[in-house]
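>>> Next input, structure requested:
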Amino acid sequence: MAKLWQTEVEASELDTPLVVVHRDRLQQNIAEMAAYAAAQGVRMRPHLKTHKTIEIAALQREHGAIGLTCAKLGEAEVFLARGFTDILIAYPLVGSAKWKRLFELIDAYPQAVISTLLDDAGLAATLSEQAADRGIRLPVWVKIDSGLKRCGVLPGAQAVDLVQRVTGLPGLDFQGLLTHAGHAYAADGYEQVQEIGEREARCLLETAERLQEAGIAVPGISVGSTPTVRISGAVAGVTEIRPGNYVFYDATQIRLGVTTAERCALRVFTRVVSRTEAGRLVIDAGAKTLALDKGAHGSDTVAGYGLIVGHPQAVIERLSEEHGVVRVAADSTIAVGDLLEIIPNHACPVANLTDELHVLDGTGRLAVWPVVARGKTR
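Take a look at the predicted model:
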């Protein structure tokens, strides 16, 4: 029997649905982004929410990442416990339970640098009071809204006012300005991605200039977003980049013109389990494997719920929890029992939905890497 992707495992023996990562492609993606950061003279602080695995974070560190970015305290707890010593929690930490956990982490890992962000003067005052009471200085970034309209103060006067407040408070150590241009995921092609990326960097740098005129130094300028990072990260004055999805890439990045299918390291193997009509078949990967993402941040710009490799006319039209319904040509040769390979629309939730990544190396062997921070949403 033929072997899928030249693995040592017979195709018939693979238990689907299976989330698979091509190690060679993964390493190439990591190495190329690291080389880009080095060429631009910027620090690399990748976002771990894409993969949530120790092995991939270790590869990023080996390629020069100075630290990791995460979204939630739960993710930070997992990676600090496994020896990572520089973690940015890029999310507003609000509520007494969050503050307690944050300062417990700082106490538990005195050798680590744990930083966070804020966009609110009241939150700044609370963090200041709690840090000062403990006799420490908490590193904080001020989040700027570069167009996503999610978290972040507006660049310019509003940001200047907040930074002036932050720098006047005890217990806080102002790290700089930070943004995430996630609205690039809704762009209409790469030309618009470029425009968003340029704006992403410029709004921070213009705000930093106003702060410097007011006598406030801005140590760091941090940008994120895989689609825009090669534009914003190349703007003089940017000091740090925080891409996440680049380790895997996905169908959305293909649509945006950021990458090609050949560079997408994460795939889903699925098996055809039913074909009762000529133009319709069912696969065993549903919403609990592929997620229901058809385009991040409000976009709905991809056809179906993933790209079926080798079958460009087949469309995954709908998902229930454990079923994927695929429209195919009536004369398609795909049959019950066949294995299909899918590039998901958005790799990040796919990784979070599985307990483990099955990693295919260059010799055809499959290794298993646990997704140790999956489900850490608090």
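
>>> For Arg23, give its distance to Glu32.
Distance, Arg23 to Glu32, using C-beta to C-beta, to the nearest Å: 15 Å. C-beta: built from backbone N, CA, C; applies to glycine.

>>> Looking at these two, which has the bigger crowd around it?
Arg23 (21 against 13; other C-beta atoms under 10 Å).

>>> The more buried one against Leu360, yeah?
Yes: counting by C-beta atoms under 8 Å, Arg23 touches Leu360, with 6.2 Å between them.

>>> list the buried ones in stretch 81-97?
Using 16 or more other C-beta atoms under 10 Å as the test for burial, stretch 81-97 gives Phe84, Asp86, Ile87, Leu88, Ile89, Ala90, Tyr91, Pro92, Leu93.

>>> So what's the gap between that stretch and the chain middle?
For stretch 81-97, the separation from the chain centroid amounts to 16 Å (computed by C-alpha atoms, centre = their mean, to the nearest Å).

>>> residues in contact with Arg210?
Counting by C-beta atoms under 8 Å, 6 or more residues apart in numbering, Arg210 makes contact with Gly156, Ala157, Val160.

>>> coming back round to it: pull the most distant pair out of the buried residues of stretch 81-97.
Farthest-apart pair in those is Phe84 and Pro92; separation 21.8 Å (C-beta to C-beta).

>>> what residue ranges in the stretch 251-378 of the chain score low on pLDDT?
For the stretch 251-378 of the chain, the stretches flagged by pLDDT under 70 are 295-301.

>>> which residues of it fall in strands?
266-277, 280-283, 307-308, 315-319, 324-327, 339-343, 356-360, 366-370 (DSSP state E, counting those that start in this stretch).

>>> Let me have those in TSV, adding mean neighbour count as columns.
Shown next, in TSV, are the strands of the stretch 251-378 of the chain (neighbours: other C-beta atoms under 10 Å):
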stretch	mean neighbour count
strand 266-277	19
strand 280-283	22
strand 307-308	24
strand 315-319	18
strand 324-327	22
strand 339-343	22
strand 356-360	21
strand 366-370	14
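
>>> Please tabulate those in CSV, including the columns distance to Val218.
Compiled in CSV, the strands of the stretch 251-378 of the chain are given as follows (distance: least, C-beta to C-beta, whole Å):
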stretch, distance to Val218
strand 266-277, 36
strand 280-283, 50
strand 307-308, 42
strand 315-319, 45
strand 324-327, 48
strand 339-343, 39
strand 356-360, 38
strand 366-370, 38
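
>>> Please enumerate the helices of the stretch 151-300 of the chain.
157-167, 190-213, 229-232, 251-256, 287-290 (DSSP state H, counting those that start in this stretch).

>>> Just say which of those helices is most tucked in.
For the helices of the stretch 151-300 of the chain, ranked by mean neighbour count under the definition mean count of other C-beta atoms under 10 Å, the leader is helix 229-232 at a mean of 25.

>>> hmm, who's touching that one?
When contacts are defined by C-beta under 8 Å, 6+ apart, helix 229-232 is touched by residues 33, 36, 181, 193-194, 196-198, 200-201, 223, 225, 238, 241, 243, 246.

>>> Give me the distance between Asp302 and Arg267.
Check again: residue 302 is Val, not Asp. Distance, Val302 to Arg267, using C-beta to C-beta: 16 Å.

>>> Give me the residue at the spatial middle of the chain.
Closest to where the C-alpha atoms of the chain average out (C-alpha atoms, centre = their mean) is Gly244, at 3.4 Å.

>>> Find the nearest non-adjacent residue to that residue, please.
Among residues not flanking Gly244 along the chain, His47 sits closest, at 3.2 Å (C-beta to C-beta, 6 or more residues apart in numbering).

>>> Next, the one you found: phi, psi?
phi -90, psi 120 (degrees, to the nearest 10).

>>> Excluding chain neighbours, what is closest to Phe269?
Nearest non-adjacent residue to Phe269, counting by C-beta to C-beta, 6+ apart: Leu18, 4.3 Å away.

>>> give me phi/psi at that neighbour?
Dihedral angles for Leu18 - degrees, to the nearest 10 - are phi -130, psi 130.

>>> Need the pLDDT of it.
Note on Leu18: pLDDT of 97.

>>> count of residues packed around it?
As a burial measure, Leu18 scores 21 neighbours (other C-beta under 10 Å).

>>> what does the one 10 residues further on give?
Number of residues near Gln28 (other C-beta under 10 Å) recorded here: 13.

>>> doesn't Glu262 make contact with it?
No: under the criterion of C-beta under 8 Å, Gln28 makes no contact with Glu262, lying 10.1 Å away.

>>> How is Phe79 assigned, secondary-structure-wise?
Recorded secondary structure, Phe79: helix (DSSP: H, G, I helix; E, B strand; the rest coil).
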